[in-house]
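Chemist: Could you look at this predicted model? Sequence included:
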Amino acid sequence: MLMDHRPFWWVQETTVYGKGLRPALRQTPLTCETGPGSPSGHVQGASALMYVVLQHVLRASKGRLSDGRRRYLAMTLWMLYMILMVLVGASRLYTATHFPHQTLLGLVAGDQSWHGHRGATDARIYGPVYDRGEWRKRTNKEVDQLLEGENIVSFIKSIMLRWLGHVMIMEEGWLPKMMNARMEGERRGRPKKRWMDDILRDVTSLGVRNWRTGWGQSEISENTVVKSFLKYGISSALVGSEDHFLYESKDEDSCSDDDFNGSNQEETSDYSDGSEFKGFWSIPPKMLLASVVMIAVSFGAYWLQRLMGVDPQWSVRLAFKWCERPEWIHVNTTPLFSLVRDCGSMFGIALAAPNNTRVRSQPRHNVVIGMVCTLSLMLAFQMAADAVPTSDVRLFYGCQFMLHAVKPFLLFLGIPRIARLAKHKQH
Ligand SMILES: O=P(O)(O)OC[C@H]1O[C@@H](O)[C@H](O)[C@@H](O)[C@@H]1O
């Protein structure tokens, strides 16, 4: 099924019409795709991407919009999603690059690639385990092991501590007062705890020294708090051993490492905005190994086909044979190019992504700057990829692999850093 034909060459190759008249399919500059026809890559990619965007917007609207408005938003977004998919699919039919069933398969594959990933992750975390002949729930310890040290309690604490950061840099107002207030009046038993009491307990349990109780009396200024948050990143709380992210300032501009009680202070002190790239040795070997295995399997399958006498480039030959104009054929549509590009990206993601896990709990970033940088980067990469000379095949594919491996570094580490610095400047 995956070795399906594309209409623009199928009508010429098929025996269905015998010696009769064949349909004349009009070709366009977008027609001469060189890969097999099923499923539609355009529909699959658009569907997977838009599904993620849609889910993200819906999740972000939680707590910001009323339930009624969220339902309305969800309906509108789903409608837009379906309209977009129909348009993408229709454009692929119009250009004679696909049959209808191939676009439908693309939609299902795109949707499932996201669902499958989430389903597998959720099942791993929440799913039952078969233990000594019966199914049972996972214990907290087992969930912790699955999360590889990302302790859920620490994660929740880190969110509370981030909130503390916001409160601390607020102007004197009702909220900071409320957070620090004790209930007045007579009360039996233990005095009611303040929100701040819980937070201070967490700060202490995470190993932060020199925390002066009663932030109202401390000399912490907005500038130093922001600086410390940017420098060390609240997300260090995510990893138990990196228990050093808040500090009490003695003077506004001093940011001394001595104020931290962390085991690897020196390691983090080089990073000025919290998106600490901790070097290749911090990359979980599992992820790297998975990417290397997947690359080996992909290339292995390619070479195995060749060894078995199947030409992995059969579709390229058919595209060349039936494309009206050779200049409409682009190398970046070939299966080999896709293989090199995807393997490069996978390798780059395996190297860059783990260093980015802390970004999610970093101080906010400037969305506009982030988007502008991302779009510019994508454009620059597209231009660079197009500019690679095609005269030497090995050089061409080597450069493409490198380019696509470097991209995740800039996307995951470089751009968030710039966007956060921009937000910091705004503050
Ligand atoms: O299968 P379709 O819709 O013609 O799309 C093919 C394209 O699919 C994309 O997913 C690939 O990135 C491109 O390299 C490829 O050319």
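Modeler: Arrived safely, thanks for sending.
Chemist: use CA for all of it now, contacts and neighbours both
Modeler: Will do.
Chemist: Next, L65: phi, psi?
Modeler: phi -120, psi 160 (degrees, to the nearest 10).
Chemist: Count the neighbours of it for me.
Modeler: Counted with other C-alpha atoms under 10 Å, residues neighbouring L65 total 13.
Chemist: Quick check: beta-bridge partners of it?
Modeler: Listed by DSSP bridges, the beta-bridge partners for L65 are K62.
Chemist: For the stretch 251-400 of the chain, which residues are neighbours of the ligand?
Modeler: Proximity of the stretch 251-400 of the chain to the ligand is confined to N332, T333, S338 under the rule C-alpha under 6 Å from any ligand atom.
Chemist: ok, and the closest non-adjacent residue to the first one?
Modeler: Same thing as N332. S338 (7.0 Å; C-alpha to C-alpha, 6 or more residues apart in numbering).
Chemist: Ok, M50 next?
Modeler: That would be Y81: by C-alpha to C-alpha, 6+ apart, it lies 7.0 Å from M50.
Chemist: quick one: S38 from the ligand, how far?
Modeler: 7 Å (C-alpha to the nearest ligand atom, to the nearest Å).
Chemist: these two touch, right, that residue and L107?
Modeler: No: contact criterion C-alpha atoms under 8 Å: S38 and L107 do not qualify, at 11.1 Å.
Chemist: Now M82: which helix or strand?
Modeler: If you go by DSSP states H and E, M82 is part of helix 67-94.
Chemist: er, E33 I mean
Modeler: Judged by DSSP H and E, E33 forms part of no helix or strand.
Chemist: Is there a neighbour count for the closest residue to it other than its chain neighbours? I'd like the number.
Modeler: Closest residue to E33 apart from its sequence neighbours, by C-alpha to C-alpha, 6+ apart: T333 at 5.9 Å. Residues near T333, counting by other C-alpha under 10 Å, number 14.
Chemist: now do T97
Modeler: T97 - counted by other C-alpha under 10 Å - has 27 other residues nearby.
Chemist: Please verify my assumption that it contacts P7.
Modeler: Yes: in this structure T97 lies within contact range of P7 using C-alpha under 8 Å: 5.9 Å.
Chemist: burial of T95, as a residue count?
Modeler: 19.
Chemist: What score does it have for pLDDT?
Modeler: pLDDT for T95: 95.
Chemist: who's in contact with the nearest residue to it once chain neighbours are set aside?
Modeler: Leaving out its chain neighbours, the residue that sits closest to T95 by C-alpha to C-alpha, 6+ apart is T31, at 5.3 Å. Contact analysis of T31 by C-alpha atoms under 8 Å, 6 or more residues apart in numbering lists F8, T95, A96, T97, C323, W328.
Chemist: what's the answer for T334, then?
Modeler: Here T334 is in contact with E33, T34, G35, Q313, V316 (criterion: C-alpha under 8 Å, 6+ apart).
Chemist: farthest-separated two in these?
Modeler: Pairwise distances across the contacts of T334 (C-alpha to C-alpha) peak at 12.4 Å, for the pair E33 and Q313.
Chemist: Looking at those two, which is more packed in?
Modeler: Taking other C-alpha under 10 Å, E33 and Q313 do not tie; E33 has more neighbours (26 against 17).
Chemist: Give me the pLDDT for that one.
Modeler: 95.
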